[in-house]
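1. any chance you could fold what I've pasted below:
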Amino acid sequence: MNLAEQRQHMLTGAMYDDLTPELVAAREKTVLLTNKYNATFGQTEVRRTEVLRELLHSIGEGVFFEPTFRCEFGFNITIGNNFYANFDCVMLDGGGIEIGDNVLFGPKVGIYTSNHALDAQERVKGGCYAKKVTIGNNVWVGAGVHINQGVTIGDNTVIGSGSVITKDIPANVIAAGVPCRVIREITDADKTGFKSELS
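-> Take a look at the predicted model:
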């Protein structure tokens, strides 16, 4: 299979060979592009966005990563408007990553859509499978959170620092822990009146 065919196969969730020359070369290209993006820190937003559009599948307006940003391929990452990731964000995007609008990441957030085969012999031969991660609108992901494959996080949700997300998290909740679980809903009692005159 050529690279385009392998990309499509990975998105199906079926086992794939992580060690093909095409995927190895694609990862190498992505390392160079993330190096290029990280080196633009302090340059104009126009220049930084230009490099990011070369790296990722699709981005909206106001997408910003602090250094250093790393991803596996980049071509399976879609980000909406007004996205901010603090330092040392990692996105392994074999299965696809979709992020909505107005999303905040704390430092050292990792998204891992790919997983190695459990059988040792299959793993040695490059056996992997990937599942998409989806993050809704207005989500805040705290520092040091790990988001595992196949997870969806609903709109407006807050994920506490250090959490490991292994299952879907619904909208409008605060969730935290290892494994991550819902602590409570976000309610009107959480409003502080900050800039209420603008709403």
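2. what's near enough to touch A39?
-> Contacts for A39 (C-beta atoms under 8 Å, 6 or more residues apart in numbering) come out as none. Every residue, glycine included, has its C-beta placed from N, CA and C.
3. so what touches the strand or helix carrying Q121?
-> According to DSSP states H and E, Q121 maps onto helix 120-124. Under the criterion C-beta under 8 Å, 6+ apart, residues M15, H116, A117 lie in contact with helix 120-124.
4. okay, now the nearest residue to G100 once chain neighbours are set aside: neighbour count?
-> Counting by C-beta to C-beta, 6 or more residues apart in numbering, G100 lies nearest to N137, which is 3.8 Å off, once chain neighbours are set aside. Look at N137: counted by other C-beta atoms under 10 Å, it has 17 neighbours.
5. my read is that N137 contacts N81, right?
-> No: counting by C-beta atoms under 8 Å, N81 is not a contact partner of N137; they are 9.4 Å apart.
6. which neighbours do these two share?
-> D101, N102.
7. pLDDT weak spots in this protein?
-> Scanning the chain for pLDDT under 70 picks out 197-199.
8. and the longest helix along the chain, what's buried?
-> Looking across the chain with DSSP state H, the single longest helix is helix 21-38. For helix 21-38, burial by neighbour count (16 or more other C-beta atoms under 10 Å) applies to L23, A26, R27, T30, L33, T34, Y37, N38.
9. quick one: the helices in this structure, in order.
-> Under DSSP H, the chain gives helices at 3-10, 21-38, 45-55, 120-124.
10. figure out which of those is closest to N156.
-> Closest approach to N156 among the helices of the chain (C-beta to C-beta): helix 45-55, 25.4 Å.
11. next, the angle from that closest one to helix 21-38.
-> 170 degrees (axes from the mean of the first three to the mean of the last three C-alpha atoms, to 10 degrees).
12. same for helix 45-55, what does it pack against?
-> On a contact count with 3 or more C-beta pairs under 8 Å, 6 or more residues apart in numbering; DSSP states H and E, helix 45-55 meets helix 21-38, strand 58-59, strand 63-65.
13. try 7 Å this time
-> helix 21-38 (3 or more C-beta pairs under 7 Å, 6 or more residues apart in numbering; DSSP states H and E).
14. so D155 touches N138, yeah?
-> Yes: with contacts counted by C-beta atoms under 7 Å, D155 reaches N138, the gap being 5.8 Å.
15. stretch 117-128: which residues count as buried?
-> Those would be A117, G126, G127, C128, for stretch 117-128 by 16+ other C-beta under 10 Å.
16. now the residues you listed as TSV including distance to F69?
-> Formatted as TSV, these follow (distance: C-beta to C-beta, whole Å):
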residue	distance to F69
A117	28
G126	26
G127	28
C128	22
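17. quick one: which two of the residues you listed are the most distant?
-> A117 and G126 (8.5 Å).
18. quick check: Q149 touching K131?
-> Yes: the pair Q149 / K131 is scored as a contact, 4.1 Å apart, by C-beta under 7 Å.
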